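*Asks:* Build me a model:
(2 chains)
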Amino acid sequence: MRSTTQTQAPDARGVAWYLDKAMAYLVFGAGVSAILLIVGIFVFITKEGVGFVWDTVDLGQFFGSPAWRPTSDTPQYGALALIAGTASVTGLAMLIAVPFSLGAAIYIAEFAGGTQREALKILIELLAAIPSVVWGFIGLSVLNPLIIEWFDVPVGLGILNAGVILGLMAAPIMTTIAEDALRAVPDGYREAAEAMGATRWQVTWRVVLPGAKNGLTAAILLGVGRGFGETMAVLMASGHAVQLPDGVFDSVRALTATIAAELGETAVGSDHYQALFTLGILLFVVTFAINLTADLVVRGISNKD
Amino acid sequence: MTFGTSRRSTTCEGVLGETPPAIRTVGLNLWYGDFQALKDVEIEVPRGSITGMIGPSGCGKSTLLRCVTRIVERVGGVRTTGGLQVLGHDIYAPDVELVQLRKRVGMVFQRPNPLPLSIRNNVLFGHAIHTTSVRGAKAERQQLLESALREVMLWDKVKDRLDARAIDLSLEEQQKLCIARLLPVKPSILLMDEPCSALDPDGTAAIEQLIWSLRGEYTILIVTHNMAQARRATEQCAFMLGGTVVEYSKTETMFASPAAKRTADYIEGRYG
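*Replies:* As a prediction, the model looks like this:
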């Protein structure tokens, strides 16, 4: 009889062992490089902008003055108008996106049936894939004339236009995340509530929404982060005028749009260049804080249960 | 006393002076897609007693239980023929309101499934969804809360932490809570789908004791895998196999001298 049990040295290593080691290092490298890249970006932005923060600018002026005149003979670097621009556009966008996306998520997760649900999910993911410049184009060429006609204003580019566009842009991703949060609520809850005679809406309102609270908050926060960081569509739809807005038809300029529009025209290392990087630091810190909060909120669920 | 095998006139709910049974099925068939889970089930559950359903996995006992509150329809592709009367009303009639049916028929599930709410709001959930009146009656709610929790022997344990999260209770306490939350809307029938299968022996004993104490006040239909439990905790018992009711008799009769050989084999643990 042929021996089927070849005796192997106890320290024998096959191909699988080497492959395992190699893959472990490869995956480790991929994981670490992502972290290194983030840190690298942060270091780069800080290095370019921090000298300006220490030496040139008066922080009181930076945060307190609406005058952004970097190319004037006496340059002024007041970012208040830009901050107000970003905040107002993002705020309006969230007013539009939150009800729409939560409503859509509730419908898809709790009310729509099999094929309808799948079709809607695919459509929403398609919406999320529309490039932002296309949204900006829609803002310029579709929404702009509509706003002029409906509200009888001279220019249709402003907070309203950019807010609507940004809201429509943020809604799909918020819907997707919110829907995931709703689906993550165990079905046993729904079954229990239905067996007690709750209607579909009562189940949703009294059981599913409280159960998905954290995930829904995270969805909204990520939407806010998306709004803060969006550049091209806002640049195209907001009118790009530096001013503290008085109403929704006023043109504003966003932090992101300012960097995008001006960075190409500045001399590397100049005050203006550094000032733009300071805006970058501000954006980075704010979006980082928002994402971190969203992450902690989501983690809050798993800690408790 | 006759059980489901009796063929009394199906119009007996119209007879004066006779109250219809809690549950009666007439030739009930049920399909999940192409799979027939219930075949011509004829069973009559008397009011105020504890009726057990035993049988191997997949025999249709849980399906039959879930039919009574029509929660079985939650999964798609369910088709039913035949009749199912609850307290004399055909629950498959087109004008039946599921909300009203489920108010009268409460259900306890295999795994305790308290809602992600406080203990208080769990117990008052049914009351809250079935009450359209103004929010005023706080004293009434407190009273309902206390009596429901007292009835399941949980009040003394939780009375100081009514606003704590229900999912932090032990499994046994959760299952008691799941029974307690059915009581404020005053159901007539309690359905229990292996209510002790997630519990340890102490928890099982506590829940059994509770179920026994609810006898008379409620009609209880309980599915169990546990022969000993069926024997001690039920008054009559149905043995199901392959979607049909093989035998339905008083519990002591079934366990002492089963009529069908398949019943005897199952009870003695030769299969299932």
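*Asks:* Spatially central, which residue of the chain would that be?
*Replies:* Defaulting to chain A. A:Arg226 (1.8 Å; Cα atoms, centre = their mean).
*Asks:* wait, chain B
*Replies:* Judging by Cα atoms, centre = their mean, chain B has its centre closest to B:Leu191, at 0.8 Å.
*Asks:* burial count for B:His29?
*Replies:* One thing to correct before we go on: residue B:29 is Asn, not His. Using other Cβ atoms under 10 Å in any protein chain shown, B:Asn29 has 16 other residues around it. Placement of C-beta: from N, CA and C, glycine included.
*Asks:* re earlier: identify the residue nearest the residue nearest to the centre of chain B in space, chain neighbours excluded?
*Replies:* In space, and not counting its chain neighbours, B:Leu191 is closest to B:Met107: 4.5 Å by Cβ to Cβ, 6 or more residues apart in numbering or on different chains.
*Asks:* Output the below-cut-off pLDDT ranges for the stretch 201-305 of chain A.
*Replies:* A:301-305 (pLDDT under 70).
*Asks:* What segments of it are strands?
*Replies:* Using DSSP state E, counting those that start in this stretch, the stretch 201-305 of chain A contains no strands.
*Asks:* and stretch B:215-229, how far apart are its ends?
*Replies:* Using Cα to Cα, to the nearest Å, one end of stretch B:215-229 lies 15 Å from the other.
*Asks:* OK, now which residue of the stretch 201-305 of chain A is nearest to chain B?
*Replies:* The nearest approach of the stretch 201-305 of chain A to chain B comes at A:Gly211, 4.4 Å away (Cβ to the nearest Cβ).
*Asks:* again with the stretch 1-150 of chain A
*Replies:* For the stretch 1-150 of chain A, Cβ to the nearest Cβ, closest residue to chain B: A:Gly114, 7.0 Å.
*Asks:* Around the closest residue to that residue other than its chain neighbours, count how many other residues there are.
*Replies:* Of all residues not flanking A:Gly114 in the chain, B:Gly76 sits nearest, at 7.0 Å (Cβ to Cβ, 6+ apart). Applying other Cβ under 10 Å, we find 9 residues neighbouring B:Gly76.
*Asks:* Just the local confidence number for B:Gly76, please.
*Replies:* Model confidence at B:Gly76, given as pLDDT, is 82.
*Asks:* Please report phi then psi for it.
*Replies:* phi -70, psi 170 (degrees, to the nearest 10).
*Asks:* So it versus A:Leu182, what's the distance?
*Replies:* For B:Gly76, the distance to A:Leu182 (Cβ to Cβ, to the nearest Å) stands at 19 Å.
*Asks:* pLDDT weak spots in chain B?
*Replies:* Ranges of chain B meeting pLDDT under 70: B:1-18, B:133-136, B:272.
*Asks:* just the residues of it that are near chain A, which are they?
*Replies:* B:69, B:71, B:74, B:76, B:98-103, B:106-107, B:109, B:111, B:113-117, B:125-126, B:128-130, B:167, B:178, B:181-182, B:185 (Cβ under 8 Å from any Cβ of the partner chain).
*Asks:* Now name the helix or strand holding the residue in chain A that chain B sits nearest to.
*Replies:* Here chain A gets closest to chain B at one residue, A:Gly197, 3.5 Å apart by Cβ to the nearest Cβ. A:Gly197 is part of no helix or strand when elements are defined by DSSP states H and E.
*Asks:* The closest residue to it other than its chain neighbours is in what secondary structure piece?
*Replies:* Closest residue to A:Gly197 apart from its sequence neighbours, by Cβ to Cβ, 6+ apart: B:Arg102 at 3.5 Å. B:Arg102 is part of helix B:98-104 when elements are defined by DSSP H and E.
*Asks:* for A:Pro210, what are its contacts?
*Replies:* B:116-117 (Cβ atoms under 8 Å, 6 or more residues apart in numbering or on different chains).
*Asks:* that older thread, my guess is the residue nearest to the centre of chain A contacts A:Leu168. True?
*Replies:* No - judged on Cβ atoms under 8 Å, A:Arg226 makes no contact with A:Leu168 at a distance of 11.7 Å.
*Asks:* what ranges do the strands span in the stretch 51-200 of chain A?
*Replies:* A:68-69, A:76-77.
*Asks:* list the contacts for the residue nearest to the centre of chain A?
*Replies:* A:169-170, A:173-174.
*Asks:* Let me see the mean pLDDT of the lengthiest helix in chain A.
*Replies:* If you go by DSSP state H, chain A has its longest helix at helix A:15-51. Helix A:15-51 comes out with an average pLDDT of 91.
*Asks:* Show me what that helix is packed up against.
*Replies:* helix A:271-304 (3 or more Cβ pairs under 8 Å, 6 or more residues apart in numbering or on different chains; DSSP states H and E).
*Asks:* roughly how far out does the helix it packs on sit from the chain middle?
*Replies:* Offset of helix A:271-304 from its chain centre (Cα atoms, centre = their mean, to the nearest Å): 10 Å.
*Asks:* now for that helix, which elements pack on it?
*Replies:* Secondary-structure packing of helix A:271-304 (3+ Cβ pairs under 8 Å, 6+ apart): helix A:15-51, strand A:76-77, helix A:213-229, helix A:255-262.
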